[in-house]
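Enquirer: One predicted model, sequence on top.
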Amino acid sequence: MFREMRRKKQQAEEAECLEILRTAKRGVLAVLGDDDYPYAVPLDFVYEDGCLYFHCAVEGHKLDAVRKHEKASFCVLSEPVPEENDWWFHVTSVIAFGRISEVKDPAEHDRCLRLLARKYMPVDLIEGDMQKNARHAAVLALHIEHMTGKHVREK
């Protein structure tokens, strides 16, 4: 169902890919948007146990696309590392493929929002933010079915 990587020498190990998913701050979600045009949007995210979680408004293009078509991909880049004694950079890309859906269960919704908040906010602000904003946010879960990672030397 999923293609093999063509440049196997550049393939990143699964453990490295998972570490990038745990530590990267942003990535790009790609879904099938209006009139079947690809819609790719940069998002904050959190990874946990084979799943990526995102938050979004309770209405809009992204949520409409997810409701219409469940397949999606998410791309993340590691922090660039400069080549020693030169100007180019090394980076590792990770692309996760899977099925995405809205988290409907209220307890799971709030748990996922707290996961996201712990990654991006000071811990002492989380509960106040949850009280103020949680009801205005939808949560999306991308269950990873396939993942590839590639070492890239940008020159």
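Expert: Yep, it's here.
Enquirer: what's the neighbour count on Lys25?
Expert: Number of residues near Lys25 (other C-beta atoms under 10 Å) recorded here: 10. Where you see a C-beta, it was placed from the backbone N, CA and C, and this is true even at glycine.
Enquirer: please renumber so the chain begins at 244
Expert: With the count now opening at 244, the last piece we talked about shows up as Lys268.
Enquirer: My read is that it contacts Asp287, right?
Expert: Yes: under the criterion of C-beta atoms under 8 Å, Lys268 makes contact with Asp287 at 6.9 Å.
Enquirer: which residues do those two both contact?
Expert: Shared contacts of Lys268 and Asp287 (C-beta atoms under 8 Å, 6 or more residues apart in numbering): Tyr363.
Enquirer: helices or strands up against the longest strand anywhere in the chain?
Expert: Ranked by residue count and defined by DSSP state E, the top strand of the chain is strand 380-397. Helices and strands touching strand 380-397, by 3 or more C-beta pairs under 8 Å, 6 or more residues apart in numbering; DSSP states H and E, are helix 257-266, strand 294-300, helix 304-311, strand 332-345, helix 349-363.
Enquirer: Could you rerun that using 7 Å?
Expert: The contact analysis (3 or more C-beta pairs under 7 Å, 6 or more residues apart in numbering; DSSP states H and E) places strand 380-397 against helix 257-266, strand 294-300, strand 332-345, helix 349-363.
Enquirer: so for it, what's the average pLDDT?
Expert: Mean per-residue pLDDT for strand 380-397: 92.
Enquirer: Tell me which residues of it come out buried.
Expert: By 16 or more other C-beta atoms under 10 Å, the buried positions in strand 380-397 come out as 380-385, 387, 390-395.
Enquirer: what do you get for stretch 323-340?
Expert: The neighbour-count check on stretch 323-340 (16+ other C-beta under 10 Å) flags 335-340 as buried.
Enquirer: who's in contact with the longest strand of the chain?
Expert: 245, 248, 253-255, 259-260, 293-301, 306, 309, 315, 317, 331-346, 352, 355-356 (C-beta atoms under 7 Å, 6 or more residues apart in numbering).
Enquirer: Fine by me, we can end here.
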